[in-house]
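1. All I have is the shape, not the residue letters:
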């Protein structure tokens, strides 16, 4: 089996799946999940969806009880990530997501700072 290289952006039409071309695009996109599935399998039970979605269930108790990941949102232009948790864990999950988002946005602003012509200071 030939492994397809990871792509930063994939302009394959993924939705709606009413044509053979779109269904083939979904099958090809599903192949890109190979490394994700391999890495996640250490801590998660990983199942593929009907198209190119992933369903994850933790092997041991953790903050979430299951995760759904799909590239089909908004016509294939958005990667949807949905995690299910209980009310007791909700604030911890929110705090961790906020921390990741702050870190990610900070990294993006630092990497794009060299492309800016102004010499404004960074808030990160």
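-> Cool, got the structure. Keep in mind that what you see is a predicted model, and the values were worked out from it rather than measured. Residues are numbered from 1 along each chain as shown.

2. drop to CA atoms for contacts and neighbour counts, all remaining ones
-> Will do.

3. Quick check: buried residues in the biggest helix by length in the chain?
-> The helix spanning the most residues in the chain, taking DSSP state H as the definition, is helix 90-113. Of all the residues in helix 90-113, those buried under the rule 16 or more other C-alpha atoms under 10 Å are 93, 109.

4. what pLDDT, on average, does it get?
-> Mean pLDDT, helix 90-113: 79.

5. Give me the residue ranges of this structure where confidence is low.
-> The chain contains residues with pLDDT under 70 at 1-11, 76, 108, 110-124.

6. let's see it at 90
-> Where the chain drops to pLDDT under 90, the residues are 1-19, 21-36, 48-53, 70-81, 83, 93-94, 96-124.

7. For residue 23, the count of nearby residues, please.
-> By the criterion of other C-alpha atoms under 10 Å, residue 23 has 18 neighbours.

8. Just want the phi and psi numbers for it.
-> Dihedral angles of residue 23 (phi, psi; degrees, to the nearest 10) stand at phi -60, psi -40.

9. Where does the nearest residue to it once chain neighbours are set aside sit: helix, strand or coil?
-> Once flanking residues are discounted, residue 23 sits nearest to residue 17: 5.6 Å by C-alpha to C-alpha, 6 or more residues apart in numbering. When classified by DSSP: H, G, I helix; E, B strand; the rest coil, residue 17 comes out as coil.

10. got it, and residue 50?
-> Put simply, residue 50 is coil when judged by three-state DSSP.

11. quick one: the strands in the chain?
-> Using DSSP state E, the strands of the chain run over 44-48, 54-58, 66-73, 78-84.

12. Need the winner for burial among those strands.
-> Most buried of the strands of the chain by mean neighbour count (mean count of other C-alpha atoms under 10 Å) is strand 54-58; its value is a mean of 20.

13. Which residues are in contact with the closest residue to residue 70 other than its chain neighbours?
-> Nearest-residue entry for residue 70: residue 53, 4.5 Å, with adjacent residues in sequence omitted and distances by C-alpha to C-alpha, 6+ apart. By C-alpha atoms under 8 Å, 6 or more residues apart in numbering, residue 53 lies in contact with 30, 68, 69, 70, 71, 72.
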